[in-house]
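Q: Pasting a predicted model and its sequence here:
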Amino acid sequence: MNHMNIGILVQPFGQHPASWLHPDAVMGGEVNFKHYSWIAQKAEQGLFDFFFIADAPGTRMGNIHAFKRFPSYMAQFEPMTLLSGLAAVTEKLGLAATVSSSYFEPYNLARQFASLDHLSGGRAAWNIVTSTIPSLSLNFGREKPEDHSVRYRRAREFLEVVFGLWDSWDDDAFVRDVESVTYFDPNKLHTLNHRGEFFSVAGPLNVPRAPQGRPVIIQAGGSEPGREMAAETAEVVFTQEREFEAAKAFRADIHSRMARLGRSPSELKTIASIFTVIGRTEDEAQEKFQFLQSRIHPDVGREMLSIDLGNVDLSQVPLDGPIPPSLLPSDTNRGKTYLHSVKVLADKGLTLRQIYEIYSPARGGLVFVGTAAQAAHMMGDWFTGGAADGFMLTAGTLPTELNTFVDQVVPELQKRGLFRTAYEGNTLRDHLGLARPVSRYA
């Protein structure tokens, strides 16, 4: 495939923490199906590969005075319900969601995603994560999240079980032969009977094999266990590197691990996160961006950093002073990539305000502010230079920035021969150039 892949990460108002304060924000959009439908249909108009929901199964807990100014994850649709609805109002767009291996059961998840793949005609994708937010544990009968190593062991076994369940039926198991009164061929039904460290699952799944064989597997692990798991099992891996060389090194590292594990680089797409604010001129783009930046409430900026440092108390740190080294942990049981991103900025001696202004728009990921032509040029350099196979658009505001990106940036990419002018097929695997997996029982 000689063009880049593009997906969109969908938050109700956009990725920027002040996006809900934008004049064009759709108030109540977090539970407005028409709002999400418009976003999905606009992304499909722009020939995007997929629509992606980064879900968390619960509200954030902590500084409520910060969260009241920052609606992310505080109110939203359950993702599988939403994606099932969107399957009916789109035809080609991939439909992806985060579902945590920490707080769900493999059988239910396998059944939901297999059903979504059938409902959408082969457009489902699962982003497998391990949950780190302490407050979420309390929704599932646990006092705190499991340790990092335990979470990844559980995730590996979870994935093993789900893959097995998705192969419960051969592709041609359901013969539906009225003459012989045979609905399915029993020889093409497979019972899993899994017994492991974390799960005991008999199977089989009561959903036929998915149109894609199995939904596309996505992962976003930057830690050592995360990279290893992505190299072993993922078909799309997200990276939040801000610099070209760092992104290129990440992609090369994943590819080298895949080679050791007997996988080809063609079996995985590396997708770089890109936060965009596009203007007709550089000055207009900067003006739009600075408006959003000016609306970041200090409580929000401080709390975002606190969370990603592992709930470090920053309340006594002056906004225009540096974060003391004593408050920067060496490790965390939460997202190690986020901790690293904050520490890199803190080590430069920046003030707390400067750090959250740089960090909060994309949680340390790539930020682009400029014209459509400049965006296409930069994205092209990353794509042709081997830093990424494509991009996850984390639009600053929705629907505004998606509209601008589709109408202005996509034509620039197409003009340069960097992006498709029509969908190559009907399934998400077709869009991504990924092979349909063969059943383990074939």
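A: Sure, I can see it.

Q: Just the helices from the stretch 151-300 of the chain, written as ranges.
A: Taking DSSP state H, counting those that start in this stretch, the helices of the stretch 151-300 of the chain run over residues 224-233, 244-260, 282-294, 298-308.

Q: Buried residues in the last one, which are they?
A: Think helix 298-308. Neighbour counts over helix 298-308 (16 or more other C-beta atoms under 10 Å) mark 299-308 as buried. For glycine as for every other residue, the C-beta is placed from the backbone atoms N, C-alpha and C.

Q: What of the third one?
A: Taking 16+ other C-beta under 10 Å as the neighbour-count basis, helix 282-294 is seen to contain the buried residues 285, 288-289, 291-293.

Q: what's the spacing between it and its chain's center?
A: Relative to the chain's own centre, helix 282-294 is displaced by 26 Å; criterion: C-alpha atoms, centre = their mean, to the nearest Å.

Q: one step back: would you list the buried residues of helix 282-294 in TSV and tack on distance to residue 115?
A: Output for the buried residues of helix 282-294, formatted as TSV (distance: C-beta to C-beta, whole Å):
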residue	distance to residue 115
285	42
288	40
289	41
291	42
292	38
293	42
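
Q: Just give me the closest of the residues you listed to residue 254.
A: residue 289 (30.9 Å; C-beta to C-beta).

Q: Next one, pLDDT for that closest one please.
A: You'll see residue 289 listed with a pLDDT of 94.

Q: Was I right to think residue 269 contacts residue 383?
A: No - using C-beta atoms under 8 Å, residue 269 is not in contact with residue 383, being 11.3 Å away.

Q: so what sits against both of those two?
A: Common neighbours of residue 269 and residue 383, using C-beta atoms under 8 Å, 6 or more residues apart in numbering, are 389-390.

Q: which parts of stretch 392-399 are buried?
A: Residues of stretch 392-399 classed as buried: 392-399 (neighbour count, 16+ other C-beta under 10 Å).

Q: got the end-to-end distance for that stretch?
A: 16 Å (C-alpha to C-alpha, to the nearest Å).

Q: repeat for stretch 360-367
A: End-to-end span of stretch 360-367 (C-alpha to C-alpha): 10 Å.

Q: Return the distance of that stretch from the chain's centre.
A: Using C-alpha atoms, centre = their mean, the offset of stretch 360-367 from its chain centre is 14 Å.

Q: and if you look at stretch 226-244?
A: Here stretch 226-244 is found 11 Å from its chain centre; the criterion is C-alpha atoms, centre = their mean.

Q: in it, what's buried?
A: Applying a neighbour-count criterion of 16+ other C-beta under 10 Å, one finds 226-242, 244 buried in stretch 226-244.

Q: now stretch 409-417
A: 409-410, 412-413, 416.

Q: CSV for those, including secondary structure?
A: What follows is those, written out as CSV (DSSP: H, G, I helix; E, B strand; the rest coil):
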residue, secondary structure
409, helix
410, helix
412, helix
413, helix
416, coil
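
Q: which of these lies closest to residue 121?
A: Comparing the buried residues of stretch 409-417 against residue 121 with C-beta to C-beta places residue 410 closest, at 23.5 Å.

Q: and the closest one, what pLDDT?
A: For residue 410, the pLDDT comes out at 98.

Q: And for residue 429?
A: 98.

Q: That one is in contact with residue 217, isn't it?
A: No - the criterion here is C-beta under 8 Å, and residue 429 misses it with residue 217 at 11.0 Å.

Q: Isn't residue 129 up against residue 104?
A: No - taking contacts as C-beta under 8 Å, residue 129 lies outside contact range of residue 104: 10.5 Å.

Q: Show me which of the two is the more surrounded one.
A: Under the criterion of other C-beta atoms under 10 Å, the comparison of residue 129 against residue 104 puts residue 129 first, with 22 against 15.

Q: ok, what's across the strand from the more buried one?
A: Beta-bridge pairing of residue 129 under DSSP bridges involves residue 100.

Q: quick revisit: output the buried residues of stretch 409-417 as CSV; include the columns distance to residue 2.
A: Below are these laid out as CSV (distance: C-beta to C-beta, whole Å):
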residue, distance to residue 2
409, 19
410, 17
412, 17
413, 13
416, 12
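
Q: Tell me the one among these nearest to residue 209.
A: residue 410 (34.3 Å).

Q: Tell me how many other residues crowd the closest residue to that closest one other than its chain neighbours.
A: Using C-beta to C-beta, 6 or more residues apart in numbering and skipping residues adjacent in sequence, the residue nearest residue 410 is residue 46, 4.9 Å away. Residues near residue 46, counting by other C-beta under 10 Å, number 21.

Q: Contacts only, for residue 46.
A: Applying C-beta under 8 Å, 6+ apart to residue 46 gives the contacts 6, 402, 405-406, 410.

Q: Export the buried residues of stretch 392-399 as a markdown table, with columns for distance to residue 41 and secondary structure.
A: Listed next are those as a markdown table, based on distance: C-beta to C-beta, whole Å; DSSP: H, G, I helix; E, B strand; the rest coil:
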| residue | distance to residue 41 | secondary structure |
| --- | --- | --- |
| 392 | 19 | strand |
| 393 | 15 | strand |
| 394 | 19 | coil |
| 395 | 15 | coil |
| 396 | 20 | coil |
| 397 | 18 | coil |
| 398 | 13 | coil |
| 399 | 11 | coil |
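
Q: All good on my end, thank you.
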